[in-house]
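**Student:** Fold the stuff below for me.
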Amino acid sequence: MAAGSTYTPIATTTLGSNQATITFSSISGSYTDLVLIVSANQTPALNTQYIRFNGDTATNYSYTVLTGNGTSAISARGTTQDAWYSGYYGVPPTTGFGTEIYNFQNYANTTTYKTGLSRTGRASGGTDAMVGLWRNTAAITSITYGITGISAFLTSGSTFTLYGITAA
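**Tutor:** You can find the predicted model right below:
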């Protein structure tokens with residue numbers, strides 16, 4: 001990050017009850033990059049989290065993830081997906097909270113596909129590093145973070161903060 005760059009809080013949400021998704025909408029194009037920081041807990045265990053842009057549920061997403069838990073490490077790739085899926089060993093835990101950081105570069109550019117990086121981790125599980133691609137040239141104006149699984153929920157107290165970065 002360049003000297004003098006600034007993180008500007010755009011929105012923060014702390015869940016007051018369990019829910020499966022959180023959406024940040026009407027995102028201004030006035031920043032160079034976006035950062036989403038998540039401190040989450042989930043129920044039941046071992047569900048997968050995802051990111052979608054502008055409500056797009058078509059198969060326009062790809063990702064590559066590296067993951068490890070101190071004993072084993074794996075890599076995986078998903079192409080023609082309906083979201084960026086992350087969370088192998090670094091999924092939000094059912095006790096305590098896991099941390100996730102998502103960086104979305106050049107999100108307002110309307111001539112290129114969108115890329116992003118994420119790091120997720122929890123002390124009792126492991127860590128994941130992912131690079132993702134959204135094959136769409138539209139500016140990102142909304143981000144949905146969700147969790148998959150039957151009766152899966154992000155629990156009350158989970159916190160989500162979206163930052164805009166200027167001069168990145």
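**Student:** The helix or strand of the chain at the bottom of the mean pLDDT ranking - contacts with which helices or strands?
**Tutor:** The weakest-scoring helix or strand in the chain, judged by mean pLDDT, DSSP states H and E, is strand 42-43 (a mean of 80). Helices and strands touching strand 42-43, by 3 or more Cβ pairs under 8 Å, 6 or more residues apart in numbering; DSSP states H and E, are strand 153-154. From N, CA and C alone the C-beta is placed, and that goes for glycine too.
**Student:** can you give me how far the strand it packs on is from the chain middle?
**Tutor:** Distance of strand 153-154 from the chain centroid (Cα atoms, centre = their mean, to the nearest Å) equals 14 Å.
**Student:** Show me what that strand is packed against.
**Tutor:** Using 3+ Cβ pairs under 8 Å, 6+ apart, strand 153-154 sits against strand 42-43.
**Student:** Direction included, what does the least confident helix or strand of the chain pair against?
**Tutor:** Strand pairing for strand 42-43, determined by DSSP bridges: strand 153-154 (antiparallel).
**Student:** Pull out the buried residues from stretch 7-14.
**Tutor:** Neighbour counts over stretch 7-14 (16 or more other Cβ atoms under 10 Å) mark 7, 10 as buried.
**Student:** So which residues make contact with it?
**Tutor:** Here stretch 7-14 makes contact (Cβ atoms under 8 Å, 6 or more residues apart in numbering) with 22, 24, 27-28, 31, 34-35, 157-166.
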